[in-house]
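Chemist: Here's a sequence, model it:
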Amino acid sequence: MPSIKMNVKKGDKVQVLSGKDKGAQGEVIKAMPRENKVVVEGVAMVKKHVKADAQGQGGGIVEKEAAIDASNVMLICPSCGKPTRVGHAKNDEGKKVRVCKKCGAQF
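Modeler: This next block holds a predicted model:
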């Protein structure tokens, strides 16, 4: 299956557009382009029941972030600080860079 082009990468700050965490902001922990999903810090928290392993480490209920669809998040521009759509342009060295559609800043 070919990978889908996503506008968000690991380390980007994003805002959630829909769902139970609508309006929440956080950093992308993991990006999964093949599934078109992202894991955002502190968003879509789920409880997972973990069984104790053989080394004596205790089991219990662990809270962790679940993956959400990449279409439900919008990148926050590092320079203007607003949620924005992403454009693409070439910089001086000819490299493809992402561009803020609101302020025109490259990142």
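
Chemist: mind listing what the spatially most central residue of the chain touches?
Modeler: Against the mean C-alpha coordinate of the chain, by CA atoms, centre = their mean, the closest residue is V28 at 3.4 Å. Neighbouring residues of V28 by CB atoms under 8 Å, 6 or more residues apart in numbering: V8, K9, K10, G11, D12, K13, V14, V38, V39, V40, E41, V73. Glycine gets a C-beta too; all of them are placed from N, C-alpha and C.

Chemist: just the residues you listed now: which is nearest V50?
Modeler: Here the nearest of these to V50, counting by CB to CB, is V39; it sits at 17.9 Å.

Chemist: Was I right to think the closest one contacts A67?
Modeler: Yes. Using CB atoms under 8 Å, V39 is in contact with A67, at 5.2 Å.

Chemist: what do the two both touch?
Modeler: Common contact partners of V39 and A67 (CB under 8 Å, 6+ apart): K30, M32.

Chemist: pull the longest strand from this structure.
Modeler: In the chain, taking DSSP state E as the definition, the longest strand is strand 25-32.

Chemist: Parallel or antiparallel, which strands does that one pair with?
Modeler: Partners of strand 25-32 in the sheet, by DSSP bridges, are strand 13-16 (antiparallel), strand 37-40 (antiparallel).

Chemist: And the contacts of the last one?
Modeler: Put plainly, it is strand 37-40. 6, 8, 14, 16, 24, 26-32, 65-70, 73.

Chemist: Show residues contacting the next helix or strand after it.
Modeler: Next along the chain after strand 37-40, taking DSSP states H and E as the criterion, comes strand 45-50. Here strand 45-50 makes contact (CB under 8 Å, 6+ apart) with G59, G60, I61, V62, E63, K64, E65, A66.

Chemist: change it to 6 Å
Modeler: Residues outside strand 45-50 that contact it (CB atoms under 6 Å, 6 or more residues apart in numbering): G59, I61, V62, E63, K64, A66.

Chemist: among those, which ones are buried?
Modeler: Neighbour-count burial (16 or more other CB atoms under 10 Å) is assigned to none of the contacts of strand 45-50.
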